[in-house]
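Q: Using only what follows, build the 3D model:
(one chain, ligands or ions: 1)
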Amino acid sequence: MSLATPPLPDDALASGPRLGVHTLSNRLFVAPMAGVTDRPFRQLCRRLGAGYAVSEMVTSRKDLWNSLKTSRRANHDGEPGPIAVQIAGTDAPMMAEAAAYNVARGAQIIDINMGCPAKKVCNKWAGSALMQNEVLALEIIEAVVGACAPHGVPVTLKMRTGWCDAEKNALRLARAAESAGIAMVTVHGRTREQGYSGLAEYHTVAAVKAALRIPVVANGDIDSPEKAAQVLKFTGADALMIGRAAQGRPWIFKEIAHYLATGETLPAPKVLDARAWLVEHLHDHYALYGELTGMRSARKHIGWAVRTLPGGENFRREMNELQSCEAQIQALNQWFEALAEQHERLPHLNTAANSVCVAANDEDPTRLLA
Ligand SMILES: Cc1cc2nc3c(=O)[nH]c(=O)nc-3n(C[C@H](O)[C@H](O)[C@H](O)COP(=O)(O)O)c2cc1C
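A: Next comes the predicted model:
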């Protein structure tokens, strides 16, 4: 079945949704991903076409606010606004306090995590587990909105379609959240029970969009410009959020924007441009994490960047043995220069393999939308 979708006739690329005083710069958002979407990665995605980026989640546990991990997550130096901080927790007063704390430190938008199979907070499961307890979920929403409203800070909500297949309560919760003052809802088209398995479905996202007046964002398995156009059209969503497909392919936002505007596919980036983006990103990354942690945590970004390129898997294994940031950069420069001698543009073995969920989607992407 053909993937071709005609360009959207409407204002698919007009400025993004409005949240309080903020108008987001477009409708393509990078998803919050703990351990991935730190400030350097968010800035990279913003430079390459993402209109909005929410930080990795910050716990509502006060005793952890001064930890190195949380303080790195709270780093927004030089980041384009609005600064959006995601909070996760299970206790309404603690979540309100976490929201107020982050607003006092510069957060301009607070996002509540009910979308991620987050870790236990205070012996209870946070994140999407909250969807199982709508009363508590609403208590948290009301408390956080109450803490942010006096500061004019909009609160957004990220959720899944429900707890499990038999209990898809996204629509009910989204309606209640809108009534409680939530400014935008993102729906990942999977249940909590699914984790990341199976395929995202967009019927529930479309139902939420149809029922709400506030902006609704579609998320899950969007891994190509064609799929982005299909999901946008099918759901009528105000924006799209992209997570795993941006790992190692942060220019996917530009690719999607171009396709939505013209119906045409951009050529792959030039090898030397991709190298420059990666090297710049890594320098930023090392500066945030320091030599040892930076060198180790950079490995995943380098691995994602090369995994679909010829010889990428061997390079990734060799690079994992290197023990300094300088050695990583040097190896990377040499490897990309050698690649550039053979190819002007990135010669992906399988571009779509940049996404975790591709194999299933490749069978017939449109069937998900029918
Ligand atoms: C490594 C990883 C970390 C994630 N961390 C968060 C998080 O901190 N907060 C959150 O709301 N969702 C988190 N998610 C879920 C993503 O935001 C997104 O909803 C999900 O990956 C589906 O989108 P995708 O198919 O485009 O990746 C995470 C996902 C991944 C893969």
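
Q: could you show me where the strands are in the chain, in order?
A: All strands of the chain, identified by DSSP state E, fall at 18-19, 22-23, 28-30, 52-59, 84-88, 109-114, 120-121, 124-125, 155-162, 184-191, 216-219, 239-242.

Q: wait, which of these is closest to residue 139?
A: strand 109-114 (11.6 Å; CB to CB). All C-beta atoms are positioned from the backbone trio N, CA, C, and that covers glycine.

Q: Residues contacting the closest one, please?
A: When contacts are defined by CB atoms under 8 Å, 6 or more residues apart in numbering, strand 109-114 is touched by residues 19-20, 22, 32, 54, 57, 82-88, 95, 99, 102-103, 126-128, 130-131, 137, 140-141, 144, 148, 153-160, 173, 182-183.

Q: give me the subset of the residues you listed touching the ligand.
A: 32, 57, 86, 158 (CB under 6 Å from any ligand atom).

Q: who touches residue 248 in this structure?
A: Per CB under 8 Å, 6+ apart, neighbours of residue 248: 301, 303-308, 354.

Q: quick one: the residue in the stretch 201-350 of the chain positioned nearest to the ligand and residue 63, what's the gap?
A: Distances between the stretch 201-350 of the chain and the ligand by CB to the nearest ligand atom are smallest at residue 243, namely 2.8 Å. In this view, residue 243 and residue 63 are 29 Å apart by CB to CB, to the nearest Å.

Q: Look at those two and report which has more neighbours.
A: Counted by other CB atoms under 10 Å, residue 243 and residue 63 do not tie: residue 243 has more neighbours, with 22 against 7.

Q: Could you double-check that residue 28 sits in contact with residue 239?
A: Yes. Under the criterion of CB atoms under 8 Å, residue 28 makes contact with residue 239 at 7.0 Å.

Q: returning to that earlier point: pick out the shakiest of the strands of the chain, pLDDT-wise.
A: Of all these, mean pLDDT reaches its minimum on strand 120-121 (a mean of 58).

Q: Around the ligand, pick out the residues from the stretch 51-200 of the chain.
A: Checking the stretch 51-200 of the chain against the ligand by CB under 6 Å from any ligand atom, the hits are 56-57, 86, 113, 115-116, 158, 188.

Q: Now with 5 Å, please.
A: Contact residues, the stretch 51-200 of the chain versus the ligand (CB under 5 Å from any ligand atom): 56-57, 113, 115-116, 158, 188.

Q: and the residue of the stretch 51-200 of the chain nearest the ligand?
A: Closest point on the stretch 51-200 of the chain to the ligand, by CB to the nearest ligand atom, is residue 116, at 3.3 Å.

Q: Find the nearest non-adjacent residue to that residue, please.
A: Excluding the flanking residues, the one nearest residue 116 by CB to CB, 6 or more residues apart in numbering is residue 127, at 4.3 Å.

Q: pretty sure that neighbour is in contact with residue 137, am I right?
A: No. Contact status for residue 127 versus residue 137: not in contact, 10.9 Å apart, counting by CB under 8 Å.

Q: tell me which helix or strand of this structure sits lowest on mean pLDDT?
A: Lowest on mean pLDDT, DSSP states H and E among the helices and strands of the chain sits helix 358-363, with a mean of 31.

Q: tell me the contacts of the nearest residue to residue 181 once chain neighbours are set aside?
A: Of all residues not flanking residue 181 in the chain, residue 145 sits nearest, at 4.1 Å (CB to CB, 6+ apart). Contact partners of residue 145, counting by CB under 8 Å, 6+ apart, are 155, 180-182.

Q: ranking those by neighbours, who comes first?
A: Top of these by neighbour count (other CB under 10 Å): residue 155, with 26 neighbours.

Q: what bridges to that one?
A: Taking DSSP bridges as the rule, residue 155 bridges to residue 110.

Q: got it, and residue 29?
A: Applying DSSP bridges, one finds that residue 29 bridges with residue 52, residue 241.

Q: Surely it is in contact with residue 42?
A: No. Using CB under 8 Å, residue 29 is not in contact with residue 42, being 10.4 Å away.

Q: anything in contact with each of those two?
A: 50, 53.

Q: quick one: is stretch 301-319 near the ligand?
A: No. Against the ligand, stretch 301-319 shows no contacts by CB under 5 Å from any ligand atom, the least distance being 11.1 Å.

Q: CA atoms of that stretch as CSV?
A: Written as CSV, here are the backbone C-alpha positions of stretch 301-319 (Å, rounded to 0.1, in the frame of the first residue of the first chain):
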residue,chain,number,x,y,z
HIS,A,301,23.5,9.2,21.1
ILE,A,302,26.5,8.2,18.9
GLY,A,303,25.1,4.7,18.6
TRP,A,304,21.7,6.0,17.4
ALA,A,305,23.4,8.4,14.9
VAL,A,306,25.3,5.6,13.2
ARG,A,307,23.2,2.5,13.7
THR,A,308,21.6,2.6,10.2
LEU,A,309,24.7,3.7,8.3
PRO,A,310,27.0,1.2,6.5
GLY,A,311,29.6,0.0,9.0
GLY,A,312,27.7,1.8,11.8
GLU,A,313,27.3,-1.2,14.0
ASN,A,314,31.1,-2.0,14.0
PHE,A,315,31.9,1.6,14.6
ARG,A,316,29.5,1.7,17.6
ARG,A,317,31.2,-1.3,19.1
GLU,A,318,34.6,0.2,18.7
MET,A,319,33.5,3.6,20.0
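
Q: Distance from the chain centre to it, please.
A: Averaging C-alpha positions (CA atoms, centre = their mean, to the nearest Å) puts stretch 301-319 22 Å from its chain's average.
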